[in-house]
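> I'd like to go over a predicted model; first the sequence, then the structure.
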Amino acid sequence: MDNSLKFEEYRNKYKEFYFNNYSIKQDNNAIYLEYEFEIPNLTKFNPKIKILKKELNFKDINSKYSKNMAFHIGLIELISYWKSVCSPHIIIKCGYLNKEQIAWFKKLYFYGLGELFYTNNIKTNINDFVNIECTNETKEFDYEKIEDFSNGYIVPIGGGKDSVVTLETLKINKENDYALIVNPKPVTLECAKIAGLENNNIIEIYREIDQNLINLNKQGFINGHTPFSAMLAFLTYFVAYLLSKKYVALSNENSANESNIVGEKVNHQYSKSYEFECDFEEYSKKYLKAPVKYFSFLRPLNELQIAKIFSRKEKYHKTFKSCNVGSKEKEWKWCCNCAKCLFAFIILSPYLYKEKLVRIFGENLFEKESLLKTFIELTGNGETKPFDCVGTFEEVSFAISKTIQNLEDKNESLPYLLKYYKDNYNLVDTSKKDITIIYNEENNLTKEQNDMLRKEVFLIDK
């Protein structure tokens with residue numbers, strides 16, 4: 001059945017989705033969050049989140065702050081379950097949201113699910129796709145004032161080049177800072193350790209998807225991309241509160257703002273965008289109220305600038321990984337067949353091509369004819385931009401043109417994909433418009449943080 005028909009059928013059959021309850025508990029080993037969602041006449045879900053305590057000095061989880069944040073994390077967790085039937089009514093039985101908060105979450109849900117709606121051919125709009133109702137009469141938590149937190153950083157890391165650049169540029173250290181990893185893998189743990197962090201500086205969070213959702217997915221219920229970075233925002237904010245740390249430093253760059261579909265607001269990276277970052281900052285000040293600043297440290301930069309900085313961080317080159325396909329394997333490897341792999345290869349090519357780059361990936365992706373369609377899409381010459389965390393068309397075209405120019409300056413032959421580009425498209429004059437020397441002032445960094453990043457970008461060759 002066409003998924004657009006499924007959308008209408010399921011909405012008519014499963015009109016209500018319930019957020020019944022949440023709990024927050026702890027023992028000597030961990031803090032546990034558990035949620036209960038329900039689709040009447042279909043199933044219930046009990047997703048779980050575990051935050052390892054190690055020897056960390058966490059605040060009291062029984063505080064009003066902790067309970068409020070646990071509730072909010074549930075409001076993000078429910079997206080993964082609600083999307084299976086897209087019920088027209090979400091009924092929250094265990095917490096309260098006012099009209100402004102409901103509008104905030106509706107915006108996040110709608111644009112955060114933009115890719116899912118697009119790829120499933122679902123036609124809807126922000127006003128009609130869902131109605132959110134709260135049955136709990138308890139309105140707002142009455143907070144006591146919290147003193148200002150220490151200036152330490154919490155840096156979420158995923159194993160790729162971006163978070164490495166944040167770790168290195170902020171000079172994250174074991175005395176005052178932490179890396180945070182959701183569902184850790186050896187690659188992510190190793191990146192944190194290469195940065196000089198020890199076990200107690202690595203916050204490990206384990207998120208468990210309910211098996212009932214996996215079963216629905218296997219049966220053909222609606223499935224697709226959800227805004228994981230929004231989940232990360234609330235989780236990291238919560239951990240920053242528990243550890244009294246002032247800064248949560250993400251590694252989302254300026255490129256995350258670009259839509260995947262020209263002329264439409266369909267963005268795979270919506271919850272990594274500057275728009276969401278600002279929305280979350282405003283919301284957290286008003287409704288979460290801890291003295292925590294959530295921001296992206298790399299927002300002033302584009303992917304090419306980040307690649308340029310990362311190319312000098314050779315101690316990570318054997319370890320880092322960005323491939324989502326390869327991450328599902330027992331040993332995380334570059335699959336060398338997906339858009340994420342090809343993009344990473346392209347964006348690093350002006351600085352590491354050829355021997356160093358081939359050593360990282362295990363093969364020369366520019367020689368793979370099977371990647372031509374993906375290559376065309378990445379350059380902006382296909383029907384859509386790949387639905388993955390990849391850079392802008394401008395960045396890709398600049399990197400390709402720069403690499404071609406580097407090879408021609410050395411009188412070296414062009415590999416298959418680069419020759420295809422030169423034969424079919426116009427090269428960028430990288431000397432006239434050098435996008436590696438721009439700096440986006442539209443960011444949420446402090447003056448000190450901006451100064452640190454500027455120094456890394458503009459003095460890197462000195």
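Arrived safely, thanks for sending.
> what segments of the stretch 1-150 of the chain are strands?
Remark: strands assigned in the stretch 1-150 of the chain by DSSP state E, counting those that start in this stretch are 16-26, 30-39, 43-45, 48-52, 89-92, 131-134, 150-156.
> so what's Leu75 closest to, chain neighbours aside?
Spatial nearest neighbour of Leu75, chain neighbours left out: Phe105 (6.0 Å); criterion: Cβ to Cβ, 6 or more residues apart in numbering. From N, CA and C alone the C-beta is placed, and that goes for glycine too.
> mind checking how far that neighbour is from His72?
Separation of Phe105 from His72 (Cβ to Cβ, to the nearest Å) stands at 9 Å.
> what sits against the residue nearest to Leu75?
Phe105 makes contact with Leu75, Leu97, Ile132 under the criterion Cβ atoms under 8 Å, 6 or more residues apart in numbering.
> just among those, which is most surrounded?
For the contacts of Phe105, the largest neighbour count, defined by other Cβ atoms under 10 Å, is 24 neighbours, found at Leu75.
> could you verify my assumption that that residue touches Phe37?
No - using Cβ atoms under 8 Å, Leu75 is not in contact with Phe37; the gap is 10.8 Å.
> what residues are shared contacts of those two?
Taking Cβ under 8 Å, 6+ apart as the criterion, Leu75 and Phe37 both touch Phe19.
> before we move on, the earlier item: could I get the strands of the stretch 1-150 of the chain as TSV with mean pLDDT?
Output for the strands of the stretch 1-150 of the chain, formatted as TSV (pLDDT from 0 to 100):
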stretch	mean pLDDT
strand 16-26	97
strand 30-39	98
strand 43-45	98
strand 48-52	98
strand 89-92	98
strand 131-134	96
strand 150-156	93
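> redo those as a markdown table? Include distance to Asn252.
Listed next are the strands of the stretch 1-150 of the chain as a markdown table, based on distance: least, Cβ to Cβ, whole Å:
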| stretch | distance to Asn252 |
| --- | --- |
| strand 16-26 | 28 |
| strand 30-39 | 24 |
| strand 43-45 | 29 |
| strand 48-52 | 22 |
| strand 89-92 | 27 |
| strand 131-134 | 27 |
| strand 150-156 | 10 |
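> most distant residue from the centre of this protein?
Most distant residue from the mean C-alpha position of the chain: Asn411, 40.1 Å away (Cα atoms, centre = their mean).
> name the SS class of that residue, please.
Put simply, Asn411 is coil when judged by DSSP: H, G, I helix; E, B strand; the rest coil.
> and for Pro350?
With three-state DSSP as the basis, Pro350 sits in helix.
> report the contact partners of it.
The contact partners of Pro350, by Cβ under 8 Å, 6+ apart, come to Leu304, Ala307, Lys308, Ala399, Lys402, Thr403, Asn406.
> over to Glu147?
With Cβ under 8 Å, 6+ apart, Glu147 has these contacts: Pro291.
> now do 10 Å
Listed by Cβ atoms under 10 Å, 6 or more residues apart in numbering, the contact set of Glu147 reads Ser244, Pro291.
> distance of it from Asn41?
49 Å.
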